[in-house]
Structures are given as structure tokens and as C-alpha cells.
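Visitor: using only what follows, build the 3D model:
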Amino acid sequence: MAKRDPELTARNKAIRELSRELKVLEPDVLDLTGFDNVHSLHGKIGGKFDQFIDIKNEVIHSPDHFISLWLEGYKNELINLGSSIYESNLHETYRLLRTIPVFKDYLFIFLRRTYLRNYDALSKKRPKVEDAEMYIGQNNANYGILVTPRFNNGQWENDKSEIRHFKKKYWSIGHVLETGLVVPGKEDQINFVDLEEYLKFFVHVLVRNSGSKYEMEIAELYREYVLSHEDPESIPLLIPEFRYEGVDVIHKYRLDFTIIEPNNLNKIGFELSPWSTHGKITGTKNKTQKSINEIAKSNFEREMDKHKSYFKKHGVFTLIYTDNDLENVDAVFEDMKKYLQPQTSGQQLKLHMFEDFFNKDFVNASEGAEG
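Guide: This next block holds a predicted model:
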């Protein structure tokens, strides 16, 4: 049986408590505001939070942060109405907020509950549409990892409208168990019945094809790490062979491994660069020292261009491990584990109450617009 998520349990408990508080205030609010029932009340205060907050791009860290953004958006909307403010339904709500303290209390509790009920969609950073798909693997053995995959006109794409509603942590083990992998150009998905099946595919198909003993050792260490973790689905994917040109068969570069941190979507690349495959020059018997130096320089510049290109195009900062590092693969994986720790955002932003929002100056400005 899967372990109960303690954060979800605490959140549900808080939601129930807020619902009880609303129930206590409800009779007074209905009596003083004149709303016929709680449904019309909630329709007035709860149906437009996406009008006041840019929920497609805003990452909201707490109920207080949500309320402050709502207030800011609401205030800006009123100001933008100008002389037509009294023709808007928003002004009625504003009047009630100014004159009936219990209505304001009710609104803030309602907004806190709204945030907690929509926590998953509101609290995590969402990938941009262009960053919501990734293609990995060797030529003719490449796969796609998308967020909300659907097959359309012979190609895989994301259902853009659903990206922010995705329940799992982006680019985590839970992500790939939810979506599987897609096969470019074919209406085929590779789905995994459980964690063990995905990790077996990861080691023996995705990584084994590289032919690198170091990558295989890293893959096995990752499998052990995930299987022994108390919350394996929250662990970021260790993504092998991230393709620079995406789905294109002819591609410029691949990174050995990439990790995308679920909370901030930072990308970290890991390149295993032993001399035997990345720097060694063979057939030097008939070459001059100058030509050997030119080849070595070209090899070095190509490697550096690869890493700079990944950073410029995909925002991937790459750590490079050479022969001395690879003598201790366990130590290399310890570096990777720093980015594999599932973390909950600890940032808690204070509520900014906009002290002038309900003050007389703002009221007078609005009343002046009426005349």
C-alpha cells in the first residue's frame, strides 16, 4: 500500500477547518450582504480569481501570497475601469468589502481555501510550452517525454491547456509513470506498470545502448537509490541522452545525463568525458606535432561548443567529469544526488495587504469617477 502523503493530509485538514469557519460566518454574511444563498455568494467572490491573477505564469507559494495577488489584481481592475467603475459588478463587491467587515473576513478565508484546493496547479513552476517536451536516446532508438502527450496529425504534442493541471511533479519518476514515453512519428506509447518496470527499461534499454560502462554504473546506482527511497515517485528523472535538436533524426549533440529539478525547473547536465572517447587521438604515426595539436584543439573546442550551446538554447548548466573523476563513480553519483533530493518549496511570502486598498483616498477617487 502506498504511503499517505503527509503534506496532502495536512492540507486536507486545513481545508476542512476553513470550511467550518466559513459555515460559522455564512448566516451573518448572507443576512448583511443580501445574497439569496451561498451559491450566489461564492459565484460573486470565487468565479474570477483567474481574472485577477496570471495563473498560467504565476507560481504562488502560500495562501497569503495568493490573497495578496488577488487583491493587487482586483485593485488594478477597479482602477482600470475608471469612470465606468459603477457600471461593473466589481464595484458592488468593493462596497461590501468596505462596509461589512465580516464579508471581508469571509472572502479572505474563502480565498485561502481556494488556494489550498488548487495547490498543485498554483504552487509549482510550470514549464513553458516549448520546454514541455524532451527527446532522448540514440538515433533510431529515440523517445519523447512530454507532459500531456496527445497524437495529432502524425506527431506527438502536448495538450497545452492541461500542462498546468498535471498532478505529478514535472520530470519526476511519477511523471514518466503517468505519461510513459512516446515513439516519434508513431501513435505508440511505452507505458510502465510500476516503478521496477521503468527502472529496468531505463538501465537496459535507454542507458545500455550508449555502450558506456560509466553510464551503466551510474544507471545502476540511480536504480538502487530510487528503489530504496521512501517516496520514489517524487525523485527527479535521471534523463539519459538528452537530444539537443529534439526529435530530429539528424542531431548535433546529446548529453549523457540531465536532471530537471521539479520545483524550479533548473536543468543540470552531467557529461562523462573519459580521454579514450573524448580526447584520444589515434593514427599519429604520420602526423606532425602541429597537426596533432590542431586535432586536439578541434576536439576540445567541439566539446566546449556543445556545453555552451546547451546552456544558450536549453538553459542546461553542465558538470563535466574526466578520467580522474571517473575513477570513483560513487563520488560522481554523490554529486548527482544533490539534485535528486525531492524538496518542497520552503518559501513563505508575507501577505501584503495594500494598506491603501480600503482607505478613504481610494474610495474618494472612485466616487469622483462617478460624478
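Visitor: now do the strands in the chain.
Guide: Here the chain has its strands, by DSSP state E, at 133-138, 141-146, 149-152, 155-158, 181-182, 189-190, 239-243, 254-260, 267-272, 316-321.
Visitor: in a markdown table: those, plus mean neighbour count.
Guide: C-beta here means a position set from N, CA and C on the backbone, and glycine is covered the same way. Output for the strands of the chain, formatted as a markdown table (neighbours: other C-beta atoms under 10 Å):
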| stretch | mean neighbour count |
| --- | --- |
| strand 133-138 | 20 |
| strand 141-146 | 20 |
| strand 149-152 | 14 |
| strand 155-158 | 18 |
| strand 181-182 | 24 |
| strand 189-190 | 15 |
| strand 239-243 | 23 |
| strand 254-260 | 23 |
| strand 267-272 | 22 |
| strand 316-321 | 17 |
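Visitor: quick one, which of the ones you listed gets closest to Ser62.
Guide: Of all the strands of the chain, strand 254-260 sits nearest to Ser62, with 23.9 Å by C-beta to C-beta.
Visitor: adjacent strands (with direction) for the closest one?
Guide: Here strand 254-260 is paired, per DSSP bridges, with strand 239-243 (antiparallel), strand 267-272 (antiparallel).
Visitor: now the angle between strand 133-138 and the last one, please.
Guide: Read that as strand 267-272. If you take axes from the mean of the first three to the mean of the last three C-alpha atoms, to 10 degrees, strand 267-272 sits at 10 degrees to strand 133-138.
Visitor: Ile173 contacts Asp231, correct?
Guide: No. Taking contacts as C-beta atoms under 8 Å, Ile173 lies outside contact range of Asp231: 9.4 Å.
Visitor: rewinding a little: out of the strands of the chain, which is closest to Ser68?
Guide: strand 254-260 (29.0 Å).
Visitor: how about stretch 142-149 as CSV, C-alpha atoms only?
Guide: Extracted in CSV, the C-alpha atoms of stretch 142-149 (Å, rounded to 0.1, in the frame of the first residue of the first chain):
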residue,chain,number,x,y,z
ASN,A,142,14.8,7.8,-29.5
TYR,A,143,11.8,8.5,-27.3
GLY,A,144,9.9,11.6,-26.2
ILE,A,145,8.9,12.6,-22.7
LEU,A,146,6.0,15.0,-22.8
VAL,A,147,3.8,16.5,-20.0
THR,A,148,0.3,16.0,-21.5
PRO,A,149,1.0,13.9,-24.7
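Visitor: I'd like the numbering to begin with 6 instead of 1 from here.
Guide: Will do, 6 is the new start, and the previous item becomes stretch 147-154.
Visitor: would you pull up how far that stretch lies from the middle of the chain?
Guide: In terms of C-alpha atoms, centre = their mean, to the nearest Å, the centre of stretch 147-154 is found 15 Å from the chain centre.
Visitor: ditto for stretch 124-132
Guide: Relative to its parent chain, stretch 124-132 has a centroid offset of 6 Å by C-alpha atoms, centre = their mean.
Visitor: check stretch 201-214 too.
Guide: Relative to its parent chain, stretch 201-214 has a centroid offset of 24 Å by C-alpha atoms, centre = their mean.
Visitor: report the mean per-residue pLDDT for the biggest helix by length in the chain.
Guide: When the chain is parsed with DSSP state H, its longest helix is helix 11-38. Helix 11-38 shows a mean pLDDT of 91 in the predicted model.
Visitor: flag every buried residue along that helix.
Guide: By neighbour count on 16 or more other C-beta atoms under 10 Å, the buried set for helix 11-38 is Arg16, Ile20, Leu23, Leu27, Glu31, Val34, Leu35, Thr38.
Visitor: quick one: the nearest residue to the fourth one once chain neighbours are set aside from Glu12, how far?
Guide: For Leu27, ignoring the flanking residues on the chain, the nearest one in space by C-beta to C-beta, 6 or more residues apart in numbering is Ile114 at 5.6 Å. Using C-beta to C-beta, to the nearest Å, we find Ile114 at a distance of 21 Å from Glu12.
Visitor: how deep is the residue nearest to Leu27 tucked in, by neighbour count?
Guide: By other C-beta atoms under 10 Å, 20 other residues sit near Ile114.
Visitor: the one 4 residues further on too?
Guide: Arg118 has 20 neighbouring residues, counting by other C-beta under 10 Å.
Visitor: what's the answer for Leu243, then?
Guide: 24.
Visitor: report the contact partners of it.
Guide: Phe207, Ile223, Ala224, Tyr227, Phe262, Ile264, Met341, Leu345 (C-beta atoms under 8 Å, 6 or more residues apart in numbering).
Visitor: need the residues you listed in TSV (columns: pLDDT and distance to Leu151).
Guide: What follows is those, written out as TSV (pLDDT from 0 to 100; distance: C-beta to C-beta, whole Å):
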residue	pLDDT	distance to Leu151
Phe207	96	17
Ile223	96	25
Ala224	96	22
Tyr227	97	22
Phe262	94	19
Ile264	94	18
Met341	93	24
Leu345	91	22
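Visitor: any chance of JSON lines for those residues, columns distance to Ala146?
Guide: Shown next, in JSON lines, are those (distance: C-beta to C-beta, whole Å):
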{"residue": "Phe207", "distance to Ala146": "13"}
{"residue": "Ile223", "distance to Ala146": "19"}
{"residue": "Ala224", "distance to Ala146": "15"}
{"residue": "Tyr227", "distance to Ala146": "19"}
{"residue": "Phe262", "distance to Ala146": "17"}
{"residue": "Ile264", "distance to Ala146": "21"}
{"residue": "Met341", "distance to Ala146": "23"}
{"residue": "Leu345", "distance to Ala146": "25"}
